[in-house]
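Q: Turn this into a structure:
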Amino acid sequence: MRGSVNQDWQSASIRITLGGLSLLPDLERYYESSIPDAIAVAIWFTGTTKKSHAYITVIAGFIILDHDNGFESMIAKPPFLDLDSHRKGIALSQRHYALQLLEDSGYSACKPTVVPMDPKISLTATEGELLPDITHYRWLVGKLLYLTLSCLDITFAVHKLTQFLAQPRLPHLKAVHHLLHYLKNSPGQGLLFSSNSSLQLKAFSDADWGSCPDSRRSVTGFCIFIRDFLVSWKAKKQTTISRSSVEAEYRALSSTASELIWLQQLLQDFQVTADSPTLLYCDNQAAIHIASNPTFYECAKHIEIDCYFVHERVASGVLKLLPIRSQYQLADLFSKPLPSTQFFSLLSKMVTSHLEGEY
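A: Numbers count the residues shown, from 1 in each chain. Just a heads-up that it's a prediction; the model follows:
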């Protein structure tokens, strides 16, 4: 990779803090060092509160990646992150945080499970006995939210469980306990950041049509890679009901395209040029045809704005849509619960790490 961080960063009115500690002195010391070609990657966690719909962002730190000099370091790290530097890059996980959660919840000696959520169980908002005390459920889900910072494999399960915070029921609590059993199996699961590959931006987009039994809304799932490491992923219920699987897939494409455009602009701010065009993989041929051919818009007027938004990026060469077989669709991890065979098949195709240790 050839690129440098924008040297005009000091002129911007930006103050980034972590637990009251300003990160700017650390960045300033970095810029004063003689490292000419590098990229600073900010890691953050964003969540929402259901009542106020307020966005909460926690800056987790900065990883400095230098392809030419092999320099990799973390200049700011909160206590709930674990780092392991080796020849392949930096392994980022929350192993100690996960182990502490298991101990605090009384599941440190539980029997491990192989998947974070049982695909045979469908959770609804009305079935099951209401919990007499919802505090414990909310406490567990709140703790699990922080684990999604590095544990991409539990993202969908946590997304599903957060939908029942208002009135959790016994099946929901059992699903949380099942997830804790999964954490016992792989507390050190995390991400691997490597600087030994080309700077290619690529994404996988998917939707699970009408999968919510309470509202029949679809679930959008996507994951985005820079180089070979994962930098952005999401599991989110769509805001409207889709009348066809094509419509659900196209809404997911639009959300993924928006995230890609934002990441492209972020790289430009760092004066880093990514390989063009950005690759966007989708396993729905009809959605790809609509994005590539304006003549299909007549049968998709109900999603016309999304159609034009994606088509404009495809026509300009910013995005390139490519088909992919469903068994290779990595975004399936973020849109639905999967059986163990498919779950581990997709997880193994992502550049992930596992910090070992006694537990």
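
Q: Walking through this structure, point out its strands one by one.
A: 17-18, 21-22, 39-48, 55-66, 71-76, 82-86, 89-93, 189-193, 200-208, 219-226, 229-237, 275-282, 319-323, 352-354 (DSSP state E).

Q: ok, of the ones you listed, where does mean pLDDT dip lowest?
A: When the strands of the chain are ranked by mean pLDDT, strand 17-18 comes last with a mean of 32.

Q: Okay, helices next: where are they in the stretch 151-300 of the chain?
A: 155-161, 170-185, 245-269, 285-292 (DSSP state H, counting those that start in this stretch).

Q: Reformat these as TSV; add distance to L130, mean pLDDT and mean neighbour count.
A: Backbone N, C-alpha and C define where each C-beta goes, glycine included. Compiled in TSV, the helices of the stretch 151-300 of the chain are given as follows (distance: least, CB to CB, whole Å; pLDDT from 0 to 100; neighbours: other CB atoms under 10 Å):
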stretch	distance to L130	mean pLDDT	mean neighbour count
helix 155-161	16	95	22
helix 170-185	8	95	19
helix 245-269	31	89	20
helix 285-292	40	83	20
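
Q: Of those helices, which is nearest S335?
A: helix 155-161 (6.8 Å; CB to CB).

Q: Can you list the neighbours in contact with the closest one?
A: 116-117, 123, 141, 144-145, 147-148, 172, 175-176, 179, 182, 219, 221, 233-237, 333-337 (CB atoms under 8 Å, 6 or more residues apart in numbering).

Q: Give me the buried entries from the residues you listed.
A: Neighbour-count burial (16 or more other CB atoms under 10 Å) applied to those gives 116-117, 123, 141, 144-145, 147-148, 172, 175-176, 179, 182, 219, 221, 233-235, 237, 333-337.

Q: Could you report the separation of Q100 from Y146?
A: 11 Å (CB to CB, to the nearest Å).

Q: Among those two, which residue is more densely surrounded?
A: Y146 (21 against 15; other CB atoms under 10 Å).

Q: For the more buried one, give me the pLDDT.
A: 85.

Q: so it touches Q94, yeah?
A: Yes - between Y146 and Q94 a contact is recorded at 7.2 Å, counting by CB atoms under 8 Å.

Q: Tell me what V272 is bridged to.
A: Bridge pairing for V272 (DSSP bridges) gives the partners G3.

Q: ok, now how distant is it from L147?
A: Between V272 and L147 the computed distance is 29 Å (CB to CB).

Q: how far away is the nearest residue to S211 once chain neighbours are set aside from T148?
A: With sequence-adjacent residues excluded and distances taken as CB to CB, 6 or more residues apart in numbering, S211 is closest to V219, at 5.3 Å. Going from V219 to T148 by CB to CB gives 15 Å.

Q: coming back round to it: might you report the residue contacts of the residue nearest to S211?
A: Contacts of V219 by CB under 8 Å, 6+ apart are 156, 159, 207-208, 211-212, 235-238, 335-336.

Q: Equivalent analysis for F164, please.
A: Here F164 is in contact with 123, 125, 137, 172 (CB under 8 Å, 6+ apart).

Q: and of those, the nearest to T278?
A: Out of the contacts of F164, the member with the shortest distance to T278 (by CB to CB) is L123, at 34.9 Å.

Q: So for stretch 209-218, what gets flagged as buried?
A: Neighbour counts over stretch 209-218 (16+ other CB under 10 Å) mark 209-212, 217-218 as buried.

Q: For L83, state which of the residues you listed is nearest.
A: Nearest to L83, judged by CB to CB, of these is S211 at 35.9 Å.

Q: Wait, that closest one touches D332, no?
A: No - the criterion here is CB under 8 Å, and S211 misses it with D332 at 11.9 Å.
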